[in-house]
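Engineer: Any chance you could fold what I've pasted below:
(chains A, B, C and D)
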2 protein chains.
Amino acid sequence: MTTQTRKAREVAEREELLIDLAIEIIEQHGFAQLTMDKLTARSEYSKGTVYNHFSSKEDLWCALCARGLRIQRSMFGKLAQFQGNSREAILALSFGYELFTLCYPTLTMVSLRVMSPAVFEKASPARIKVLSETEDEMVQMLKGMIEVAMDKGELSRRYQDNLYQITFAIWAMSFGSVTIMRNSTPAPCLERIDHDSAVLTNASIVLDGLQWQPYSWEFDYHASWQRIAKEMFADELAQLSQRS
Amino acid sequence: MTTQTRKAREVAEREELLIDLAIEIIEQHGFAQLTMDKLTARSEYSKGTVYNHFSSKEDLWCALCARGLRIQRSMFGKLAQFQGNSREAILALSFGYELFTLCYPTLTMVSLRVMSPAVFEKASPARIKVLSETEDEMVQMLKGMIEVAMDKGELSRRYQDNLYQITFAIWAMSFGSVTIMRNSTPAPCLERIDHDSAVLTNASIVLDGLQWQPYSWEFDYHASWQRIAKEMFADELAQLSQRS
DNA sequence: ACATTTTTTGACGAATCGTCACAAATTTAG
DNA sequence: CTAAATTTGTGACGATTCGTCAAAAAATGT
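Structural biologist: Next comes the predicted model:
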């Protein structure tokens, strides 16, 4: 079955290439300019071939979204090796998520757009399966950290009956903070908060609320935040500051 | 200047009518089916007239979003009269926001879609101004509650230097929770949490983290949640349960 | 009653989506 | 190695959609 696998690999490679081109289009001309015709024109294939990969425009969006989730997963994997107490490990994840949105604003915006039943209905089932599986892998990583923290006695057992509720709280706060800060309408109140530390502050509030020790007043988590940046993401941050 | 004001009123009324029709279209045929042509066809006016109201499709979206914010503001105003301690008052706001997303899923979806620079760039400045002003009014209400709570000694002064950070934390958590729960891809982990109490739980975590007393273990906020439902939104909830 | 200004109209061009009959390439069979 | 069968790729096409604009209709002022 070598020809089978070779063919399949070629198709997969072409799909990655098409996704790269789609991202290029968005970054150069904006989200609205991503059309199937333009993607076709930029590739060396024809419309029919592009439609062989993506059953619809919405399916293409989901493919972009899946790419974003894959990048996030790899960042999370890297972060899991961070040396520190269990609370710092969670902060590292929040840091990673915010950094992702800064490094890949395009993919972030796409994810936001994709989050709607209307899109899921038009995307292919296979694509949606990949999406939810990748997302779940990350949730499982987070859940693992929570279990470890509880075993070590650093996290209160008050919510032990539904660990998923804890993952949800952390996830919702990170997502909400970043999404409002980066995508919302220019609201006066948003100008009054410190964008650099807002995610750290909000994460700290949640972790304090979960009675996850050491509390924010017992430990210098600002130092942790900076250590995460320096030890885990020196490259990404250098690249980011160079860009702006 | 009676003719002037009469004319202006007629225009405003027609605009509200057009927005009603747009919502009808979305609810009957889905978001993607809302086109300027269809809106024109459903109205008794012509395309040019519709474009006199909404400079572009994006501007129409923002108008829908503004309608949603106006409804939220009126719900918030009603909630501000809720009798209870200062923490319960904040819970009432969270309750109101969740109820809004349940009562008006269409407008909620629109708000999510609108949150992107690409849309704001194509919308008219006047429309955006209305949006950010309405949003700010609600933030100010929230801020007022925070100040009262601090004065009464129910809320720790630890974050008193940037009250907006507190409003942001509460807002981000409510928004994040509701958005992920209602719009996200069907993730396995989401099926494991109790959708009815997730917003209350998450809000409680944040308020505990802010050291907002009485703490969640000192007071029965589930009872408050039900009281808010019964005293403030009996009508809306009855209507809602009847629908499903 | 007539001129001027404002509002409304709908046909139009450009651009987009997704399809499908056909062409090219690849695989299989003899 | 050749021919049939199957898979893969092509791009013209119909159906929609967006936003514009010259011309018509209505409203206003004199």
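
Engineer: can you tell me the helix or strand for the residue in chain A positioned nearest to chain B?
Structural biologist: Nearest residue of chain A to chain B (C-beta to the nearest C-beta) works out as A:Gly176 at 2.5 Å. C-beta coordinates here come from the backbone N, C-alpha and C atoms, glycine included. Taking DSSP states H and E as the definition, A:Gly176 sits inside helix A:163-183.

Engineer: Test my guess that the residue of chain A closest to chain B contacts B:Thr179.
Structural biologist: Yes - when contacts are counted by C-beta atoms under 8 Å, A:Gly176 is listed as touching B:Thr179 (7.2 Å).

Engineer: Looking at these two, which has the bigger crowd around it?
Structural biologist: Per other C-beta atoms under 10 Å in any protein chain shown, whichever of A:Gly176 and B:Thr179 has more neighbours is A:Gly176, with 25 against 21.

Engineer: and the gap between that one and B:Ala203?
Structural biologist: Separation of A:Gly176 from B:Ala203 (C-beta to C-beta, to the nearest Å) stands at 12 Å.

Engineer: which neighbours do the two share?
Structural biologist: B:Met173, B:Ser174 (C-beta atoms under 8 Å, 6 or more residues apart in numbering or on different chains).

Engineer: Give me the helix or strand of chain A that scores worst on average pLDDT.
Structural biologist: helix A:117-122 (a mean of 84; mean pLDDT, DSSP states H and E).

Engineer: elements contacting that helix?
Structural biologist: helix A:57-79 (3 or more C-beta pairs under 8 Å, 6 or more residues apart in numbering or on different chains; DSSP states H and E).

Engineer: Could I get the CA-only coordinates of the helix it packs on as CSV?
Structural biologist: Output of helix A:57-79 as CSV, limited to C-alpha atoms (Å, rounded to 0.1, in the frame of the first residue of the first chain):
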residue,chain,number,x,y,z
LYS,A,57,-15.9,28.2,2.7
GLU,A,58,-17.0,27.3,6.2
ASP,A,59,-15.0,24.1,6.0
LEU,A,60,-11.9,26.1,5.0
TRP,A,61,-12.5,28.3,8.1
CYS,A,62,-12.7,25.3,10.3
ALA,A,63,-9.4,24.0,8.7
LEU,A,64,-7.8,27.3,9.7
CYS,A,65,-9.2,27.0,13.1
ALA,A,66,-7.8,23.4,13.4
ARG,A,67,-4.4,24.7,12.4
GLY,A,68,-4.6,27.3,15.2
LEU,A,69,-5.6,24.7,17.8
ARG,A,70,-2.7,22.5,16.7
ILE,A,71,-0.3,25.3,17.3
GLN,A,72,-1.9,26.0,20.7
ARG,A,73,-1.6,22.3,21.6
SER,A,74,2.1,22.3,20.8
MET,A,75,2.6,25.5,22.9
PHE,A,76,0.8,23.9,25.8
GLY,A,77,2.9,20.8,25.5
LYS,A,78,6.0,22.9,25.8
LEU,A,79,4.5,24.7,28.8
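
Engineer: For it, list every residue counted as buried.
Structural biologist: For helix A:57-79, the neighbour count (16 or more other C-beta atoms under 10 Å in any protein chain shown) marks A:57-69, A:72, A:75-76, A:79 as buried.

Engineer: same for DNA strand C: which of those are within range?
Structural biologist: Among the buried residues of helix A:57-79, proximity to DNA strand C is found for A:Lys57, A:Glu58 (C-beta under 7 Å from any atom of the strand).

Engineer: Flag the shaky bits of chain A, pLDDT-wise.
Structural biologist: Where chain A drops to pLDDT under 70, the residues are A:1-5.

Engineer: Spell out which parts of it neighbour DNA strand C.
Structural biologist: Proximity of chain A to DNA strand C, by C-beta under 7 Å from any atom of the strand, involves residues A:3, A:7, A:33, A:35-38, A:47-48, A:51, A:55-58, A:122.

Engineer: ok and the residue in chain A nearest DNA strand D?
Structural biologist: Residue nearest to DNA strand D within chain A: A:Gly48 (1.9 Å; C-beta to the nearest atom of the strand).

Engineer: Would you mark the buried spots in the helix or strand containing that residue?
Structural biologist: A:Gly48 is part of helix A:47-53, with elements assigned from DSSP H and E. Neighbour counts over helix A:47-53 (16+ other C-beta under 10 Å) mark A:Val50, A:His53 as buried.

Engineer: can I see the domain layout of chain A?
Structural biologist: Split into domains by automatic domain parsing, chain A comes to A:1-53, A:68-243.

Engineer: and among the ones you listed, the most buried is which?
Structural biologist: Compared across those, domain A:68-243 shows the largest average neighbour count, a mean of 18 (mean count of other C-beta atoms under 10 Å in any protein chain shown).

Engineer: now check it, is it near DNA strand D?
Structural biologist: No - remark: domain A:68-243 sits outside contact range of DNA strand D, by C-beta under 7 Å from any atom of the strand, the gap being at least 13.8 Å.

Engineer: Start and end of that domain, how far apart?
Structural biologist: The stretch domain A:68-243 measures 20 Å between its terminal residues, going by C-alpha to C-alpha, to the nearest Å.

Engineer: quick one: the helix or strand that comes right after the least confident helix or strand of chain A to chain centroid distance?
Structural biologist: Counting by DSSP H and E, the element after helix A:117-122 in chain order, helix or strand, is helix A:125-151. Offset of helix A:125-151 from its chain centre (C-alpha atoms, centre = their mean, to the nearest Å): 12 Å.

Engineer: Just name whatever secondary elements helix A:125-151 is in contact with.
Structural biologist: helix A:57-79, helix A:86-103, helix A:163-183.

Engineer: repeat that for 6 Å
Structural biologist: Secondary-structure packing of helix A:125-151 (3 or more C-beta pairs under 6 Å, 6 or more residues apart in numbering or on different chains; DSSP states H and E): helix A:57-79, helix A:163-183.

Engineer: Take stretch A:16-29, keep the C-alpha atoms, and write them as PDB.
Structural biologist: This file holds the C-alpha atoms of stretch A:16-29, laid out as PDB (Å, rounded to 0.1, in the frame of the first residue of the first chain):
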ATOM      1  CA  GLU A  16      -1.300  22.300   4.500                       C
ATOM      2  CA  LEU A  17       0.000  24.400   1.600                       C
ATOM      3  CA  LEU A  18      -3.500  25.700   0.800                       C
ATOM      4  CA  ILE A  19      -4.100  26.600   4.500                       C
ATOM      5  CA  ASP A  20      -0.800  28.500   4.400                       C
ATOM      6  CA  LEU A  21      -1.900  30.400   1.400                       C
ATOM      7  CA  ALA A  22      -5.300  31.200   3.000                       C
ATOM      8  CA  ILE A  23      -3.500  32.700   6.000                       C
ATOM      9  CA  GLU A  24      -1.300  34.700   3.600                       C
ATOM     10  CA  ILE A  25      -4.400  36.100   1.900                       C
ATOM     11  CA  ILE A  26      -6.000  37.100   5.200                       C
ATOM     12  CA  GLU A  27      -2.800  38.700   6.600                       C
ATOM     13  CA  GLN A  28      -2.200  40.700   3.400                       C
ATOM     14  CA  HIS A  29      -5.700  41.700   2.500                       C
END
